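K.L.:
Here is the input, now give the coordinates:
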Amino acid sequence: MKETTAPAEPLIPGARRLDICRILGESYDPARWNDWHWQMRHRLSRPEQLEQLLQLIPGERRGLALCQGKLAVAVTPYLAELLDPLDSSCPLRMQVVPREEEALVAATDMVDPCGEEHDSVVPGLVHRYPDRVLLLAIDTCAAYCRYCTRSRLVAHGRLGGLGQRIDAIIAYLEAHTEVRDVLISGGDPLLFSDEKLDELLGRIRAVPHVEMVRLGSRVVSFLPQRITPSLVTVLRQHRVWLSLHFSHAAELTPEVAQACDLLADGGIPLGSQTVLLRGINDSVTELRALFHGLLKLRVRPYYLYQCDPVVGTSHLRTTVAKGLELVAGLRGHTSGYAVPAYVIDAPGGGGKVPIHPETVVGYENGTLLLRNWEGGVYTYRDPVNV
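P.N.:
Residues are numbered from 1 along each chain as shown. Okay, the predicted model is just below:
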């Protein structure tokens, strides 16, 4: 593959970028800034760093103090440059800077809302659907979304190294010939080195009945420098599908566009999943801008998730009625490619359920009864006081 260079750097970098390097105690160097390893080593994670970066509101300061031990804070320098330092309602800032509301535990909150622990067959492997499995390969992310479904695992070291688990995972796959589809997630598996990712994909591809391998990743939006020609070569060699995560059109920067071009030009099929978030993307205007922007980058929006009822996320969740209203405002008013399926990952392990009349058993007083693919009925409750 032809090597490509990073976007041309301005002769004089923006003051914001210089400020970030100052906070990090580093001098600005374009080559270092565009090195994903440097970006990972220099993530902003301490309250005093964020205090220098942003004009924090009291709720953010209390959130930073309260989140210790719950879900780590980490912001890549690249992402830090995109955060509005003055506006606490900045849609990117709201995704990665904790608020004091995270300490509030609602009666409907769940530690493991998708029931992954119940369907875990060996450490780090979830087998729920008949023909596909979820492989949790790593517990590290480039930055930590405050609504993370796996906040019980990521950044806590509870998952354990993949090297300690991979033999049991491969043995399970070999023994279960009904498995044809493996989704690798985490954490973010694209944070593995090219060599380690190549080895992992090679072992999975060596299982004869595995037909499809997918990777779930957010590095394209939080760390686009990770997408290099050598990484694309690895992904293409193993014929993977890539499931990206985007939440707002402000994430679609020139660096992200270049990363998507590298992937698409390299033959990697690209889809995107978006979580519906209150105050961030819960309007037709915001969602349409995001989905149209993704299509321009050859990324197909395919899932719009109702936010999982993770502990401490009620302030970020909308009602299901709001989600249905938004999808109705998109369908018929834009191209079909720009309208993802609106789904709920049914609490308790029911899997993804598309939300339309055929799947809604009942919806009253904020309690939704869902019928899943097996005919099972599951309960999803709206956040209170919304």
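K.L.:
list the buried ones in stretch 286-300?
P.N.:
Buried residues in stretch 286-300, counted by 16 or more other Cβ atoms under 10 Å: 286, 287, 288, 289, 290, 291, 292, 293, 294, 295, 297, 299. No exception for glycine: its C-beta is placed from N, CA and C like everyone else's.
K.L.:
for the stretch 251-386 of the chain, what are the low-confidence residue spans?
P.N.:
Low-confidence segments of the stretch 251-386 of the chain (pLDDT under 70): 386.
K.L.:
what about the helices in it?
P.N.:
Secondary structure of the stretch 251-386 of the chain by DSSP state H, counting those that start in this stretch: the helices cover 254-265, 284-296, 320-330.
K.L.:
Then the stretch 1-150 of the chain?
P.N.:
Under DSSP H, counting those that start in this stretch, the stretch 1-150 of the chain gives helices at 15-24, 30-33, 36-41, 47-53, 58-66, 77-82, 93-96.
K.L.:
can you redo the buried residues of stretch 286-300 as CSV with distance to residue 95?
P.N.:
Converted to CSV, those look like this (distance: Cβ to Cβ, whole Å):
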residue, distance to residue 95
286, 13
287, 15
288, 19
289, 16
290, 13
291, 18
292, 20
293, 17
294, 17
295, 22
297, 19
299, 18
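K.L.:
which one of the helices of the stretch 251-386 of the chain lies closest to residue 163?
P.N.:
Residue 163 lies closest to helix 254-265 among those, at 27.2 Å (Cβ to Cβ).
K.L.:
mind saving the C-alpha coords of that closest one as CSV?
P.N.:
What follows is helix 254-265 as a C-alpha-only set of coordinates in CSV (Å, rounded to 0.1, in the frame of the first residue of the first chain):
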residue,chain,number,x,y,z
PRO,A,254,-9.9,16.5,8.7
GLU,A,255,-7.8,14.0,10.6
VAL,A,256,-10.9,11.7,11.0
ALA,A,257,-11.6,12.1,7.3
GLN,A,258,-8.1,11.1,6.4
ALA,A,259,-8.3,8.0,8.7
CYS,A,260,-11.6,7.0,7.1
ASP,A,261,-10.1,7.5,3.6
LEU,A,262,-7.2,5.2,4.5
LEU,A,263,-9.5,2.5,5.7
ALA,A,264,-12.1,2.8,2.9
ASP,A,265,-9.4,3.0,0.2
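K.L.:
Which parts of the stretch 201-350 of the chain are strands?
P.N.:
212-217, 240-245, 270-276, 300-306, 341-346 (DSSP state E, counting those that start in this stretch).
K.L.:
C-alpha coordinates for stretch 118-130, PDB please?
P.N.:
These are the backbone C-alpha positions of stretch 118-130, laid out as PDB (Å, rounded to 0.1, in the frame of the first residue of the first chain):
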ATOM      1  CA  HIS A 118     -24.300 -14.200  32.500                       C
ATOM      2  CA  ASP A 119     -23.400 -15.200  28.900                       C
ATOM      3  CA  SER A 120     -19.700 -15.400  29.500                       C
ATOM      4  CA  VAL A 121     -18.500 -18.900  28.500                       C
ATOM      5  CA  VAL A 122     -14.800 -18.400  29.200                       C
ATOM      6  CA  PRO A 123     -13.100 -15.300  30.500                       C
ATOM      7  CA  GLY A 124     -13.500 -12.500  28.000                       C
ATOM      8  CA  LEU A 125     -15.800 -14.400  25.600                       C
ATOM      9  CA  VAL A 126     -19.600 -13.800  25.500                       C
ATOM     10  CA  HIS A 127     -21.800 -16.300  23.600                       C
ATOM     11  CA  ARG A 128     -25.400 -15.000  23.400                       C
ATOM     12  CA  TYR A 129     -26.600 -15.400  19.800                       C
ATOM     13  CA  PRO A 130     -26.600 -18.800  18.200                       C
END
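K.L.:
So for that stretch, mean pLDDT?
P.N.:
Averaged over stretch 118-130, pLDDT sits at 95.
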